[in-house]
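>>> Generate coordinates for the sequence data below:
(chains A and B)
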There are 2 protein chains.
Amino acid sequence: MKILNIAIFGYGTVGKSTVDILEKNNSNNNINIKYIAVRNIHDNSKIHDNSKISGIFTDNHDDIWNDPSINVIIELIGGMKIAKDIIYKAIETNRHIITANKAVLAEFGNEIFALAKKNNVTVGFEASVAGGIPIIQTLQNHFSLGKINKIEGILNGTCNYMLSNLENDTSLSYSDVLKNAQDKGFAESNPSADVDGWDSAAKIAILSSLCFGIDIPKITDFEVEGISNITSEKIEEAQKQNKKIRLIGSAEKIENNNSRIKISVRPEIIDQKNLLYSVNGSDNMIIIHHEYLGEISLKGAGAGGYATAMSVISDIIRL
Amino acid sequence: MKILNIAIFGYGTVGKSTVDILEKNNSNNNINIKYIAVRNIHDNSKIHDNSKISGIFTDNHDDIWNDPSINVIIELIGGMKIAKDIIYKAIETNRHIITANKAVLAEFGNEIFALAKKNNVTVGFEASVAGGIPIIQTLQNHFSLGKINKIEGILNGTCNYMLSNLENDTSLSYSDVLKNAQDKGFAESNPSADVDGWDSAAKIAILSSLCFGIDIPKITDFEVEGISNITSEKIEEAQKQNKKIRLIGSAEKIENNNSRIKISVRPEIIDQKNLLYSVNGSDNMIIIHHEYLGEISLKGAGAGGYATAMSVISDIIRL
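Got it, this is the predicted structure:
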């Protein structure tokens, strides 16, 4: 049994849930969480109330980088610059890296994967797309033969939660449902990544690369439109025709031009015949159109600490 | 790269599709189909028109068992007695075995898995449940931590096709849609395994074992009811209330009694809020209720040569 000595960077919702699940379920004792890096170790609210792990918090990253026993780094701090540095440093020091960071992967993924291959370490990124849905490993394993013609889905739980909210109560305004999503912890105080479509764009870019065997496309190179122009009037109009508005990311081969992939993120008006019509609240769904398998879909929690932590852990277990 | 020398028993729809996909996609050249065993080698309709493989057909099983280079057996003949003998013989002679045979696994699986463990060979059975949906590997990999509380689904494409047909045209009778399913090749000339629920029962028994870490339960020990009592009147009655009838296999932990699992297969009247409402034609869907992940669902082709062959092949690739 391989011994995995782990350092986790970041102890927010997903970090806490990851530690919690591992503590309760690590019966093999082969997974040791040796460090949890937080911004400020004197910030007591960050420290787990479980005394078993209180000694492993650090705010000095060198504690981790200088410990040769650490062979797995888990990056869960989000954001761009520091997260990127952690991912690169992990690979350069020959540690496996597991990350939920779709933004860093969408921008630097091609270089990251090449560097990881060169250094013979694994990049686990199941948690970067669609929270608890095992879409990455399904694409890597089950679809390794045959062509995927199209992949599409609802990839952002925050937007879907807001759209569902507007549907359920059309007296609410866009800013009401945004505030509601922020109060519930779904949306960031700066909600642009979610509501302007950039989070969905990073995810469909990562999926495109896996599905079509291409480099990760730049999200600034394809059409990205968010939900900030959706009004309750537009929702009501759709509802009158038994339709819904959903923010859909899509990547599709152009017919008769196999080398071209059309990628977009935009709000679409869909009817009941569309499977995505059934996706409410913060759920995600991904539909794959495959040469041999036809249409196959996966639906589940698009976010949430425990769901996303399960994806982090499935990457740990696969190391 | 591991060299896999394969013998396929059975050359029906799934066998043909498996050979076809492997021929078109085996760019690594590590997968060699060395034999295809058919009942009668003089039956020309069985022989592939591709001259590349015409030399590898045999109706003498000893050709295969006596060839020490063969390290993978694929059993796709279906039925019980001969299929069971092939599976046992493969394991006893230290070959990996891949099978789509849910009936043999439901009845003899516990012994088969124990024997395979002892002989250090793999039993691949992705194709035994839900055709092209990667449910087995998803359960084995992604759900290896945390508890599953319930698994349920539409597991028989034939029954779902028949029920969908009755819905679309209520002037049809049960025997009309059965004949239609038989004409389309969905139902066997003896349709009992499908329409009486035994096929779904074998599948939910296999899933129960994976989800709850129990021995495969005997299908005669739980409630199994098929669709042969469903009339167009019952369908119409459900439709008047915007409901549908679906044959649902379900396995669930009894609350406050974690060691007891309640398993059943029966036609249920479901409304639009139930995700299974969206499953039409020969599709399958499986819904898992998980401690950390909440509700997660997979939907896709429940049968069909190419879809099922992809599951066979994903097992080959994982060897």
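>>> use CA for all of it now, contacts and neighbours both
Noted.
>>> is the nearest residue to A:Ser208 once chain neighbours are set aside in a bridge, and if so with what?
Residue nearest to A:Ser208 in three dimensions, not counting chain neighbours: A:Ala251, with 6.3 Å by CA to CA, 6 or more residues apart in numbering or on different chains. In this entry, A:Ala251 is beta-bridged to A:Ile151, A:Ile263, by DSSP bridges.
>>> Can you give me the end-to-end span of stretch A:6-22?
11 Å (CA to CA, to the nearest Å).
>>> So which residues on the stretch 151-300 of chain A come close to chain B?
A:Leu275, A:Ser278, A:Tyr292, A:Leu293, A:Gly294, A:Glu295, A:Ile296, A:Ser297, A:Leu298, A:Lys299, A:Gly300 (CA under 8 Å from any CA of the partner chain).
>>> Filter those down to the buried ones, PyMOL style.
Selecting only the buried entries of these in PyMOL, with 16 or more other CA atoms under 10 Å in any protein chain shown as the criterion:
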select buried, chain A and resi 275+278+292+293+295+296+297+298+299+300
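>>> from the residues of the stretch 151-300 of chain A next to chain B, which two are the most distant?
A:Ser278 and A:Tyr292 (25.0 Å; CA to CA).
>>> Which pLDDT does the model give the closest residue to chain B within the stretch 51-200 of chain A?
With CA to the nearest CA, the shortest gap between the stretch 51-200 of chain A and chain B falls at A:His142, namely 5.6 Å. At A:His142, the model reports a pLDDT of 85.
>>> ok, the residue lying closest to it once chain neighbours are set aside to B:Tyr161 distance?
Excluding its sequence neighbours, the residue lying closest to A:His142 (CA to CA, 6+ apart) is B:Ser314, at 5.6 Å. Going from B:Ser314 to B:Tyr161 by CA to CA gives 26 Å.
>>> do the same with A:Glu252
Distance, A:Glu252 to B:Tyr161, by CA to CA: 29 Å.
>>> cool, and A:Ile97?
Using CA to CA, one gets 46 Å for the distance from A:Ile97 to B:Tyr161.
>>> higher neighbour count, these two?
The residue with more neighbours, out of A:Ile97 and B:Tyr161, is A:Ile97; 26 against 22, by other CA atoms under 10 Å in any protein chain shown.
>>> Take the one helix or strand that one maps to, keep the C-alpha atoms, and write them as CSV.
Here A:Ile97 sits within strand A:96-99, counting by DSSP states H and E. Below are the C-alpha coordinates for strand A:96-99, written out as CSV (Å, rounded to 0.1, in the frame of the first residue of the first chain):
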residue,chain,number,x,y,z
HIS,A,96,1.5,15.0,-7.1
ILE,A,97,-0.9,17.9,-7.2
ILE,A,98,-4.7,17.8,-6.7
THR,A,99,-6.6,21.0,-7.4
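>>> ok, it: who's next to it in the sheet?
Strand pairing for strand A:96-99, using DSSP bridges, gives strand A:72-75 (parallel), strand A:123-124 (parallel).
>>> Pick the most deeply packed of the ones you listed.
Neighbour counts (mean count of other CA atoms under 10 Å in any protein chain shown) averaged over each of the strands paired with strand A:96-99 peak at strand A:72-75, with a mean of 26.
>>> Just the buried positions in the next helix or strand after that one, please.
Following strand A:72-75 in sequence order, the next helix or strand is helix A:81-92 (DSSP H and E). The neighbour-count check on helix A:81-92 (16+ other CA under 10 Å) flags A:Ala83, A:Lys84, A:Ile86, A:Ile87, A:Tyr88, A:Ala90, A:Ile91 as buried.
>>> do stretch A:233-253 as well
By neighbour count on 16+ other CA under 10 Å, the buried set for stretch A:233-253 is A:235-236, A:238, A:243-253.
>>> now do stretch A:119-139
A:121-138.
>>> picking that back up, can you name every helix or strand that the helix or strand just after the strand holding A:Ile97 contacts?
Sequence-wise, the next helix or strand downstream of strand A:96-99 (DSSP H and E) is helix A:102-118. Packing contacts for helix A:102-118, counted by 3 or more CA pairs under 8 Å, 6 or more residues apart in numbering or on different chains; DSSP states H and E, involve helix A:81-92, helix A:198-212.
>>> Right, I'll leave it there.
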